[in-house]
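Visitor: A predicted structure for the sequence below; I have some questions about it.
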Amino acid sequence: MAKPDGATGVDVVVQGVEKRFGLVVALDGLHLHLQAGIHLLLAGANGAGKTTLLRLIAGLASPSRGTISVDGVDPRKHHNVRRHIGLLSHQPLLYRELTARENLQFFAHLYDLPVGAVEAALQRARLGRHADRPVHGFSQGMKQRLALARATLHRPKLLLLDEPFTGLDRESSQSLTDQLVERLAEEDASSVLVTHRGSEAARLVNRVAVLRRGRVAGEHEWTPSAVEGPLMQLCQRLGAEAAS
């Protein structure tokens, strides 16, 4: 697939990756190429290896065999490239006893970001008037909006999204999707999304890769017609399997 004109996201190459946990094979010789500007939906039943793959790309774990490169380097060995990666999951990874502002200030310090970045992020997340409230008093939707602000505070060129809509009601899911669409457009970032919610995925992705038993079973373009077509039906079926 041709690289989109003007795309500035990162290139991710997964080559022959195997990941074992004891006798369990989570990924089995997986190959995948995510080009700059691509927004990929990773579809697959529970146990297909989706979350494991995201963790490997993020540099949070090492493959048992094979290689992963982000813009040509191994994220486990070159920490600078990890500054270009943001991770948002269904676990917000926030400090409950700290306020919203304090949480973002902590992460801003890690990335040597100015104070203004924190205030701007709070406003984008529509949390300005809640900035000095402890996170433990936030609703799940507010926590996820703050978690997105944290994950994008350093303006990453690759955003990894692992079931970010879990536990959110319809209104909160739509609000989070709106902000994701906005952030991805602003940063011109690439992204990888794991979700069983086809309606949210339809607004966020332009390609889908189906994982089965730790391998890519197929890749497809995600077009507007896919919203009512076989790809949406696939997401719905996989979502039903995950809930059973």
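Guide: Now that the structure is in, tell me what you want to look at. Keep in mind that what you see is a predicted model, and the values were worked out from it rather than measured.

Visitor: in the chain, mark out all the strands, start to finish.
Guide: In the chain, the segments counted as strands under DSSP state E are 12-21, 24-34, 39-43, 65-70, 85-89, 158-162, 190-194, 207-212, 215-221.

Visitor: and these as CSV, adding distance to Arg96 and mean neighbour count?
Guide: C-betas here are computed from N, CA, C, even on glycine. As requested, those are exported to CSV (distance: least, C-beta to C-beta, whole Å; neighbours: other C-beta atoms under 10 Å):
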stretch, distance to Arg96, mean neighbour count
strand 12-21, 29, 17
strand 24-34, 30, 18
strand 39-43, 29, 25
strand 65-70, 31, 17
strand 85-89, 16, 22
strand 158-162, 20, 26
strand 190-194, 25, 25
strand 207-212, 33, 20
strand 215-221, 37, 14
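
Visitor: could you dump these into JSON lines with mean pLDDT and distance to Leu176 added?
Guide: As requested, those are arranged in JSON lines below (pLDDT from 0 to 100; distance: least, C-beta to C-beta, whole Å):
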{"stretch": "strand 12-21", "mean pLDDT": "96", "distance to Leu176": "23"}
{"stretch": "strand 24-34", "mean pLDDT": "96", "distance to Leu176": "22"}
{"stretch": "strand 39-43", "mean pLDDT": "93", "distance to Leu176": "15"}
{"stretch": "strand 65-70", "mean pLDDT": "96", "distance to Leu176": "25"}
{"stretch": "strand 85-89", "mean pLDDT": "93", "distance to Leu176": "9"}
{"stretch": "strand 158-162", "mean pLDDT": "95", "distance to Leu176": "10"}
{"stretch": "strand 190-194", "mean pLDDT": "95", "distance to Leu176": "12"}
{"stretch": "strand 207-212", "mean pLDDT": "91", "distance to Leu176": "20"}
{"stretch": "strand 215-221", "mean pLDDT": "88", "distance to Leu176": "25"}
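
Visitor: so can I have a markdown table of those showing distance to Ala100?
Guide: Listed next are the strands of the chain as a markdown table, based on distance: least, C-beta to C-beta, whole Å:
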| stretch | distance to Ala100 |
| --- | --- |
| strand 12-21 | 31 |
| strand 24-34 | 31 |
| strand 39-43 | 27 |
| strand 65-70 | 29 |
| strand 85-89 | 16 |
| strand 158-162 | 20 |
| strand 190-194 | 24 |
| strand 207-212 | 34 |
| strand 215-221 | 38 |
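
Visitor: nearest to Ser139, out of those strands?
Guide: strand 85-89 (16.8 Å; C-beta to C-beta).

Visitor: kindly export the closest one (C-alpha atoms) in PDB.
Guide: The C-alpha trace of strand 85-89 is given here as PDB (Å, rounded to 0.1, in the frame of the first residue of the first chain):
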ATOM      1  CA  ILE A  85       4.700   6.300  21.100                       C
ATOM      2  CA  GLY A  86       1.600   6.900  23.200                       C
ATOM      3  CA  LEU A  87      -0.400   4.100  24.800                       C
ATOM      4  CA  LEU A  88      -4.100   4.200  25.900                       C
ATOM      5  CA  SER A  89      -5.800   1.200  27.300                       C
END
